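Enquirer: Fold the following and give me the result.
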Amino acid sequence: MIAIAAIACILSAPAATQGKLDIAAGPSFHRFDSPLSDIDPWIPGFNLDAGVAVSGETARAKAPRRWKNRIPKDGEFVVRPLWLSLLPRQILLSPGGKLTTIGATWELLGIGGGLELADGASLKAGLSLPEIAWIGMWGPSMREDNSLVAIGVAPDLHLQFDPASWLRMDLGWTHHIDIPFESFAFDRGRLYPWSWGSAYFQLHLRPGISI
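Expert: As a prediction, the model looks like this:
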């Protein structure tokens, strides 16, 4: 709740966010249940992200007085302004063969925390809600081409490495718990993507641009 309050104040402040631009990208591999996993065990794709890295001191300065002493000076928040929610967080892209799969996920709000393991290394956990997913599939392995929209939540766990102030690396797993509005019809059965996962490596670059 403290993090949410601080971020809400930063986003609503009329002045500049007073942070550094954070741009991230990297490969991801997505795992679905059978019968899709029997045809294509891992669907490749990539992660995308962009935000503003805000120090704990800035969050304290912009937070209401009652929250100031509860926000640590060390560490940072990565704030994603609302218009950046239009940028997909994950892309699924597996063309050709017996099955072609494309898709994307969007996250509107995320909360999280972490545990420092060593100097420059930490374990982070988070939850994105709501998550919106769009997935399309077609090919010889399907009885009919189809696409669907699903909405749900996406818990995340990753190792974070900070070798330099301008560089960060994430290695983790995001699990998608969704309510699909349709299903996929394969020759071997139907797939309702209620639950699927994404392994990823993500590289964050901070080019020193203040926002």
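
Enquirer: which sections of this structure are below the confidence cut-off?
Expert: Counting by pLDDT under 70, the ranges of the chain that qualify are 1-18, 56, 59, 62-64, 66-77, 209-211.

Enquirer: at 50 what do you get?
Expert: 1-16 (pLDDT under 50).

Enquirer: And the helices in it?
Expert: For the chain, the helices defined by DSSP state H occupy 2-12, 36-39, 56-62, 65-68.

Enquirer: contacts for the second one?
Expert: Looking back up the chat, that one is helix 36-39. With contact meaning Cβ atoms under 8 Å, 6 or more residues apart in numbering, helix 36-39 is reached by Arg31, Lys98, Leu99, Met137, Ser141, Phe184, Phe186, Arg188, Leu191. Placement of C-beta: from N, CA and C, glycine included.

Enquirer: Around the last one, how many other residues sit close by?
Expert: Put plainly, it is Leu191. For Leu191, the number of neighbouring residues by other Cβ atoms under 10 Å comes to 23.

Enquirer: now it: how far from Ser28?
Expert: Separation of Leu191 from Ser28 (Cβ to Cβ, to the nearest Å) stands at 19 Å.

Enquirer: what does the fourth one give?
Expert: Computed with Cβ to Cβ, the distance linking Met137 and Ser28 is 17 Å.

Enquirer: More neighbours: which of the two?
Expert: Using other Cβ under 10 Å as the criterion, Met137 and Ser28 rank with Met137 on top: 27 against 24.

Enquirer: Let me see the contact set for the more buried one.
Expert: For Met137, the contact set (Cβ under 8 Å, 6+ apart) comprises Leu36, Leu99, Thr100, Thr101, Asp145, Asn146, Ser147, Phe184.
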